[in-house]
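Q: Kindly generate the corresponding structure for this input.
(chains A and B)
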Amino acid sequence: MEQLEPKVQTLLLRDRRNLTMVRFREKGIFLGLIGCGLFSLLITGSIIFVLASETVTFFQFPEVTLSNFFLSAEWTPLLGDTKSFGIWALISGTFLVTAIAMVFALPLGLITAVYLSEYAPRRVRNTLKPILEILAGIPTVVYGFFALMTITPFLQWCYSGFNVYNTMSAGIAVGILCFPTVCSLAEDALQAVPSRLRDGAFGLGGTRFDATVRVIIPAALSGIISAFLLAIARAIGETMIVALAAGSRAQVTLNPGKEAQTMTGYMVQIAGGDVSNFGMEYYSMYAVAFTLFAITLSLTIVGNHIRRKYRETYD
Amino acid sequence: MSESNPSEQDRQKSHPPTNGANLGDEPARADRKPSMPIDKSKLLTTDARIRKDIRFRRMCIITASASVLILAFLLGSILTAGIPTLSWTLLTGSPEPEPENAGIWPALMGTLWVCSMCSLITLPLGIGTAILIEEFTPRNAVAKKVFNLIQLNITNLAGVPSVVYGILGLTAFVSMFSLFDKSEGNVGPSMEVGAVYFDQFSNLASDPFVDTGGAEVRERFFLLPVESRNSPPVVPQTGMIAYENQEEGFIEVEIIAIDALSQQPSADPEELSRTIDNQSTPGRISENQWYYLRLPFGRGVIAGALTLMLVILPVIIISTQEALRAVPATLRAAALGLGSTPWQVVWNVTLPSAIPGIMTGSILAISRAIGETAPILIIAGIVYIRSAPQHLMDDYTVMPLQIYNWTSRPQEEFHNIAAGGIVVLLAILLSFNAVAVLIRHRMQNKLQ
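A: Predicted structure coming up:
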């Protein structure tokens, strides 16, 4: 009882504290929190403002025209006389790497997610999930190193037509990078399917495969699609792997053995090189960033929208 | 009944006709189109279906083990290249141009500076935002709209590529929107605190063409203080007190200035060693205090920390939200029932029980910041940094950037050094993750 005495004393003291002070403090803290919340809006606002205003500056250079930017597929900003800013060269490189990555990441990620969610015994699940988390926590520069030092030599050993820098090895590395993303998001979607649907399928005499393919995957389809979209967005925005392994020549090609520059790769090239600040090349970085931001943001918005929708269906 | 309607419909939708047909002569349901006859040849026997299931299970196991194998292969290939290069030099050396002497110490310290600054800034902001959204949900419609907007905004911010944050950081923090635009010829920052400028002179004896009369005179450098960065160069005069940068700090030295063209320097080696040609052009250098501040921030530690804040802020907010959501509502209700104000509930009840979850999420977010390369590369460029940062505005490099730098060089030796750096980086990250897992494990035990 005696130890309690000081506690009671402080409580009584607190009681005597001025109520207006408490209200004042409460208001102050609330305003502070509102400030924190508005800060995140400020970030989005300033991203859009910065990218838009600097892109406008870029288009004010006499050598840059809108038609050249949006219609041409030739990206040669560093050539002295024949500068051309055709964004499609970079977009095609980005999409080629992304497509290769998704060919690996999407099916493998989905199958692993199905396995984790529907088939795996508890013990396997408990070991696989941390491994996936480790994979997700490895910095991208490590994947870049892996692509350049391990995947590329392996590809060249398989077929000598591969360049030192090629989109195939970058794509595979990006695929490995996106694999945990696809896997955990798709697994969330599969887990969100109510177990009564699963039980219903078993009750009708379906095997696990029947239940998965006929009932659970269709029911979780929107979640799976949103996982795919978010993974694609992640692959498009991936920087270090392509900067290291995909090369720095912007060209439209479908040959995965050749090098191709992506949007992110170009930004790294400009930022890492010694291009003069406030020159045309410097501002072209912002135009590319704006394009990248627009593409990934729309993918993320659509993906999150679909995901929210399916969540509401089953909650 | 009305609540379960959507899933009821889904169940019907998700039943393809053939599935129902497996049951044989089940009567056609009202919503099934009569134009779809059951193709008996496509029906599988139970055996076939079970075989299919087993095949699929095998495929799943193969895929899952492939992912483990990939991880093992990745780690294995890096470890075999990296472990042999691990050495004390690698850990404590600076990134010298010769691979055998190159080390990662400045990058390690840079990572430490940037990431600790970054977490100091981000944690209060992120946790505050999460508390606002989760615990202060408003009742009126307009405020609710704003809250939904903030929530939507955060989920979308989490999907923005980090390289875009680098671009934002370059404009917002490094050059500060060019708001502090300087007049012509002013290349430095517009405002600074805590910098002292010196003109650096070398002594006459360091000039190889000066006849020292055979005496061995070592090269010495003298610093004469100037008022500011833009003041005219000092003309050295005999009797001026200059500073000499020694190991134990600045030492005051009285200098002798002569016009080397017309005057003969003293023959005494001691005097000669502190004789300066008063016609020589000095180099302007600055000594920055630990509290050195400047605006705009330039490519200093603080700009890197703020840029990484942009990257991990959404991550911290989302994980904190999840941790707060996991706190049982009964605890909050009880505290409110005892007459607590909303903030008292948060501070005394919700936060203490959510703290393990928040810590786990924050540690994972910080380890993401440690591994983040692209935004730092955008704002700092590829730079050659030989020493650890000393103050918030100092130039820096971080470990992933140093690894990128070594990897992108053509020489094989640098690739091995890069692998060694990766091993160090992964060791740090894995220990972070281990701490996070440990905290989560303890939390789960406690909840059980």
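
Q: in the stretch 201-350 of chain B, which spans are strands?
A: Under the criterion DSSP state E, counting those that start in this stretch, the stretch 201-350 of chain B carries strands at the ranges B:221-226, B:241-246, B:249-254, B:256-258, B:275-277, B:283-295.

Q: Return the most buried member of these.
A: Scoring the strands of the stretch 201-350 of chain B by mean neighbour count under mean count of other C-beta atoms under 10 Å in any protein chain shown gives strand B:275-277 as the most buried, with a mean of 23. Bear in mind the C-beta positions are built from the backbone N, C-alpha and C, glycine included.

Q: what helices or strands is it leaning on?
A: Taking 3 or more C-beta pairs under 8 Å, 6 or more residues apart in numbering or on different chains; DSSP states H and E as contact, the helices and strands that strand B:275-277 lies on are strand B:256-258.

Q: low-scoring pLDDT stretches of the chain, where are they?
A: Answering for chain A, as no chain was given. Scanning chain A for pLDDT under 70 picks out A:1-4, A:8, A:10-17, A:80, A:274-278, A:311-315.

Q: Can you look at chain B instead?
A: Confidence mapping of chain B against pLDDT under 70 gives the ranges B:1-44, B:181-188, B:208-217, B:267, B:446-448.

Q: Walk me through the domains of it.
A: Domain assignment for chain B, taken from automatic domain parsing, gives B:5-43, B:48-83, B:88-175+B:298-447, B:191-293.

Q: nearest to A:F70, of those domains?
A: A:F70 sits nearest to domain B:88-175+B:298-447 of all the domains of chain B, at 20.0 Å, using C-beta to C-beta.

Q: Near the residue of the stretch 151-300 of chain A found nearest chain B, how many residues? Count them for me, please.
A: Scanning the stretch 151-300 of chain A for the residue nearest chain B gives A:G237, at 2.5 Å (criterion: C-beta to the nearest C-beta). Using other C-beta atoms under 10 Å in any protein chain shown as the criterion, A:G237 is surrounded by 25 other residues.

Q: can you check B:R51 too?
A: Neighbour count for B:R51, taken as other C-beta under 10 Å: 14.

Q: Kindly report the same for B:T137.
A: If you count neighbours by other C-beta under 10 Å, B:T137 ends up with 10.

Q: Next: A:Y282.
A: By other C-beta under 10 Å, 17 other residues sit near A:Y282.

Q: repeat for B:D268
A: Counted with other C-beta under 10 Å, the neighbours of B:D268 add up to 12.

Q: before we move on, what about A:K83?
A: 18.

Q: what do you get for B:Q390?
A: One way to gauge burial is a neighbour count; for B:Q390, by other C-beta under 10 Å, it gives 16.

Q: is it fair to say it lies in a helix?
A: No - under DSSP: H, G, I helix; E, B strand; the rest coil, B:Q390 falls outside any helix and is assigned coil.

Q: I'd assumed A:D210 was in contact with A:R198.
A: No - here A:R198 does not reach A:D210: they are 10.8 Å apart, not a contact under C-beta atoms under 8 Å.

Q: Let's have the strands of the stretch 201-350 of chain B in a markdown table, adding distance to B:L392.
A: Formatted as a markdown table, these follow (distance: least, C-beta to C-beta, whole Å):
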| stretch | distance to B:L392 |
| --- | --- |
| strand B:221-226 | 23 |
| strand B:241-246 | 22 |
| strand B:249-254 | 22 |
| strand B:256-258 | 37 |
| strand B:275-277 | 35 |
| strand B:283-295 | 7 |
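
Q: Let me see the contact set for the closest residue to chain A within the stretch 51-200 of chain B.
A: For the stretch 51-200 of chain B, the nearest residue to chain A under the criterion C-beta to the nearest C-beta is B:P161, separated by 2.5 Å. With contact taken as C-beta atoms under 8 Å, 6 or more residues apart in numbering or on different chains, B:P161 is in contact with A:A233, A:R234, A:I236, A:G237, A:E238, A:T239, A:T264, A:L292, A:F293, A:T296, B:A374.

Q: Please tell me how far it sits from A:V288.
A: With the distance defined as C-beta to C-beta, to the nearest Å, B:P161 ends up 12 Å from A:V288.

Q: tell me the contacts of A:I47?
A: Shown in contact with A:I47 (C-beta under 8 Å, 6+ apart): A:F293, B:V160, B:V164, B:Y165, B:L168.

Q: quick revisit: quick one: which of the contacts of B:P161 is the most crowded by neighbours?
A: Across these, neighbour numbers were computed from other C-beta under 10 Å; A:T264 holds the maximum, 31 neighbours.

Q: I'd guessed the residue of the stretch 151-300 of chain A closest to chain B sits against B:V160; true?
A: Yes - A:G237 is within contact range of B:V160, at 7.5 Å (criterion: C-beta under 8 Å).

Q: intersection of neighbour lists for those two?
A: The overlap between the contact sets of A:G237 and B:V160 (C-beta under 8 Å, 6+ apart) consists of A:T296.

Q: The residue in the stretch 1-150 of chain A positioned nearest to chain B - nearest residue in space that isn't next to it in sequence?
A: Taking C-beta to the nearest C-beta as the measure, the point where the stretch 1-150 of chain A comes nearest chain B is A:P139, at 2.8 Å. In space, and not counting its chain neighbours, A:P139 is closest to B:G371: 2.8 Å by C-beta to C-beta, 6 or more residues apart in numbering or on different chains.

Q: Give the full set of residues in contact with that neighbour.
A: For B:G371, the contacting residues are A:G137, A:I138, A:P139, A:T140, A:V141, A:V142, B:P400, B:L425, B:L429, by C-beta under 8 Å, 6+ apart.

Q: Contacts for the helix or strand hosting B:V164, please.
A: Here B:V164 is covered by helix B:162-169, with elements defined by DSSP states H and E. Contact with helix B:162-169 is made by A:43, A:46-47, A:50-51, A:237, A:239, A:264, A:267-268, A:271, A:285-286, A:289, A:292-293, A:296, B:303-304, B:306-307, B:310-311, B:372, B:374-379, as judged by C-beta under 8 Å, 6+ apart.

Q: Buried ones only from these, please, as a PyMOL command.
A: Entered in PyMOL, the line below selects the buried ones among the contacts of helix B:162-169, by 16 or more other C-beta atoms under 10 Å in any protein chain shown:
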select buried, (chain A and resi 43+47+50+51+237+239+264+267+268+271+285+286+289+292+293+296) or (chain B and resi 303+304+306+307+310+311+372+374+375+376+377+378+379)
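
Q: All set now, cheers.
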